[in-house]
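J.: Okay, sequence plus prediction incoming.
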Amino acid sequence: MIQQLIYLSRRAENSIEFEHEVLRIPLNVGEETSFELRIINYGEPSHLHFSLSEEIADRVMLLQDKVYVIEEEKITAIARLPKSYAGTGVESGLGEITVSTGYGAVRESFMVEIVPAKGRTKRERAEKHVTGVNVKVKEPKREAKAVAHLQAKNKRQKHIRHSHILVTSVSTALFLLSLSIVSLSSYPFSFIFAIIASALFLLIIVYNV
């Protein structure tokens, strides 16, 4: 069975790693197959959420999109190519499965590519028919492109996480400072700093939802 291993909290708390940056699923039009997402947790029990990109949302179905992982869990997924896809030029597909944890604070993705299950491509068969020899036609290096896209996306997500942590830390420090001033100040200054502290507290809660 086709399988993707997902390592949770192996490098750090809530870290997400994948065995394959690009998971290839051989499939022909009119067929379907199943594959497995196996999660191995090295840390505390955690909730994981899975989502599909638009490019493969009509070809891949996850039997579960949320799972609570104590040590190890498995999720079964189904990939299908309906017969209506025949001759449309969309027999193959390239998209992403995103995995998030820590209430959405940590997100990582891996690529899923649906490829022809057997035989040569239409272009290769046409080339052989015309020339009478078996000429191999080079396909674009889709894997390098997919990995580069994934690395760029992960870089953006890490930048967002760092900004998220910075804003939360600064807001928390200001909140604690305001509480300290409230406890030491007399009216009316304590009332003003109490309002500031409440506003910062609400900011922290809303920003982390």
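T.: Sure thing, it's come through.

J.: Show me what counts as buried in stretch 76-89.
T.: Within stretch 76-89, the residues that qualify as buried by neighbour count (16 or more other CB atoms under 10 Å) are 77, 79-81, 85. All C-beta atoms are positioned from the backbone trio N, CA, C, and that covers glycine.

J.: just stretch 3-12 next, same as before
T.: 4, 6-9.

J.: ok, so of the buried residues of stretch 76-89, who is nearest Leu52?
T.: Nearest to Leu52 among the buried residues of stretch 76-89: Ala77, at 9.2 Å, using CB to CB.

J.: ok, that closest one - contacts?
T.: Going by CB atoms under 8 Å, 6 or more residues apart in numbering, Ala77 touches 34-37, 60-63.

J.: Neighbour-wise, which one of these leads?
T.: Leu37 (24 neighbours; other CB atoms under 10 Å).

J.: out of the contacts of Ala77, which one sits closest to Phe50?
T.: Nearest to Phe50 out of these is Leu62 (CB to CB; 5.5 Å).

J.: where in the protein is pLDDT low?
T.: Where the chain drops to pLDDT under 70, the residues are 86-92, 119-154, 156-164, 167-168, 170-171, 178-179, 181-191, 193-194, 197, 200-209.

J.: redo that, cut-off 90
T.: Within the chain, the segments meeting pLDDT under 90 span 1, 27-30, 58, 81-94, 103-104, 114-209.

J.: Spell out the residue ranges of the helices in it.
T.: In the chain, the helices defined using DSSP state H lie at 122-131, 142-184, 189-208.

J.: Mind splitting the protein into its structural domains?
T.: 2-139, 161-208 (automatic domain parsing).

J.: For the contacts of Ala77, give me CSV that also has distance to Pro116.
T.: Shown next, in CSV, are the contacts of Ala77 (distance: CB to CB, whole Å):
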residue, distance to Pro116
Ser34, 18
Phe35, 16
Glu36, 22
Leu37, 23
Val60, 17
Met61, 20
Leu62, 23
Leu63, 25
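
J.: Now, the buried residues of stretch 3-12 that are in strands?
T.: With strands taken from DSSP state E, the overlap with the buried residues of stretch 3-12 comprises 4, 6-8.

J.: Nearest to Glu21 among the residues you listed?
T.: Nearest to Glu21 among those, with distances taken as CB to CB, is Gln4, at 10.2 Å.

J.: who are the neighbours in contact with the closest one?
T.: The contact partners of Gln4, taken as CB under 8 Å, 6+ apart, are 18-20, 23, 35-38, 110.

J.: what do you get for Ala117?
T.: Shown in contact with Ala117 (CB under 8 Å, 6+ apart): 26-28, 31.
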